[in-house]
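Enquirer: sequence isn't available, so here's the structure alone:
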Ligand code: MLT
């Protein structure tokens, strides 16, 4: 008899963002004329930048001619893509070999797929509040999951200690959902801890382009010792507007090993078996992100999202609501006013102001009482949400 993966039975009934979408669809069906402001899922609103669009068009034309046509691509990434990413790291002082960089179809896919490298006997440590896919992917892989709660008292950046000993450690900086960043010293403490305990860090760098504070690491490989204990997972979704286009990359140093097996070589084996890579067209578009023009243009878009953040933060300041984030990250993490629960606040905002946000409880139990706003909406939608929020919550 066919045996299902019984770990599906250990998951929550539905995934956070799917759950929210269902609630919003039900509200829309009941209120078809409602003008809803979407500050929920971190989905970008600005189009791809000119440099990327040009590269995509040119690549489509390449596919129309026999001389420039590409069939299957190298599974781990086209040399031009790997070299573009390598150059980007080099400009920041991080030396990588091109074959330490693997193309992916985005960080969310990769965060699940990468667990193929580890046996089911492992324990994963998730610093919460956290992107919910970390926990779900580890449950499905049969891993034991340890939850490390963080809070305002440690700036949502907890330090490691021997009680947090685990085999796979998740670190997301800038953090989704809190917007907190790991300083060089805080990150070094985790790298040292991983090296001492023989753990592997899965470093989610999806939001690195939003860092504005000097000295905050954009890559874990800026930290000495990280090459021996870390994998970095990156995405172009938020940095370059690829949520609907899909492309990212993963860095696995050649010396990274566990149990006597080399993780870079294992990932080559995995990709060459399980994928046919990412399309030529997409890799050309993605490589254009790392040109001088591409970098200038994506930063112009990021500045628009940062203005959205400023607009929401000013509103929260006027309302006297505690929050963090919004500076080095595209998320603002606030305390629900009046001691409300996070789903209670979600319902209030949807019903009374037609604003969608994300309840903190969806990111782990220590997120209860908090709420997340995404700053990826259009400026008009964000300004309208801020106006409605102020109207709803301002004290008489
Ligand atoms: C989020 O809103 O947390 C992210 O956009 C979700 C994702 O990247 O899949």
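Expert: Arrived safely, thanks for sending. Quantities reported herein were computed from a predicted structural model and do not represent experimental measurements.

Enquirer: for the stretch 1-150 of the chain, give the residue positioned nearest to the ligand.
Expert: Here the stretch 1-150 of the chain gets closest to the ligand at one residue, residue 42, 3.1 Å apart by C-beta to the nearest ligand atom. For the C-beta atoms, the positions are set from N, CA and C on the backbone; glycine is no exception.

Enquirer: verify the stated contact: that residue with residue 238.
Expert: Yes. At 6.4 Å, residue 42 counts as touching residue 238 under the criterion of C-beta atoms under 8 Å.

Enquirer: what is in contact with these two at once?
Expert: Counting by C-beta atoms under 8 Å, 6 or more residues apart in numbering, the shared contacts of residue 42 and residue 238 are 330, 376.

Enquirer: report the buried residues of stretch 53-66.
Expert: 54-56, 59 (16 or more other C-beta atoms under 10 Å).

Enquirer: what residues does the chain have near the ligand?
Expert: 41-42, 108, 131, 176 (C-beta under 6 Å from any ligand atom).

Enquirer: let's see that with 8 Å instead.
Expert: By the rule C-beta under 8 Å from any ligand atom, the part of the chain lying against the ligand is 17, 40-43, 107-108, 131, 133, 176-177, 206, 235, 237-238, 243, 331, 358, 372, 374, 376.

Enquirer: what is the mean pLDDT for the helix or strand residue 343 falls within?
Expert: Per DSSP states H and E: residue 343 is located in helix 342-353. Mean per-residue pLDDT for helix 342-353: 97.

Enquirer: which strands and helices sit next to that helix?
Expert: For helix 342-353, the packing partners by 3 or more C-beta pairs under 8 Å, 6 or more residues apart in numbering; DSSP states H and E come out as helix 16-30, strand 355-356, strand 358-359, strand 370-374, helix 379-393.

Enquirer: next, residue 2: phi, psi?
Expert: phi -70, psi 130 (degrees, to the nearest 10).

Enquirer: can you check the one 10 residues further on too?
Expert: Residue 12 adopts backbone torsions of phi -60, psi 160, taken as degrees, to the nearest 10.

Enquirer: so which elements touch the strand or helix carrying residue 201?
Expert: Under the criterion of DSSP H and E, residue 201 resides in strand 200-204. Helices and strands touching strand 200-204, by 3+ C-beta pairs under 8 Å, 6+ apart, are helix 107-113, strand 168-172, helix 184-197, strand 230-235.

Enquirer: lowest average pLDDT across those?
Expert: helix 107-113 (a mean of 93).

Enquirer: packing partners for that one?
Expert: Right, helix 107-113 is packed against helix 133-140, strand 200-204, strand 230-235, strand 248-251 by 3+ C-beta pairs under 8 Å, 6+ apart.

Enquirer: wait, what's in contact with the closest residue to residue 31 other than its chain neighbours?
Expert: Leaving aside its sequence neighbours, residue 31 sits nearest to residue 354 (C-beta to C-beta, 6 or more residues apart in numbering; 7.9 Å). Counting by C-beta under 8 Å, 6+ apart, residue 354 touches 31, 34-37, 388.

Enquirer: I appreciate the help and will end here.
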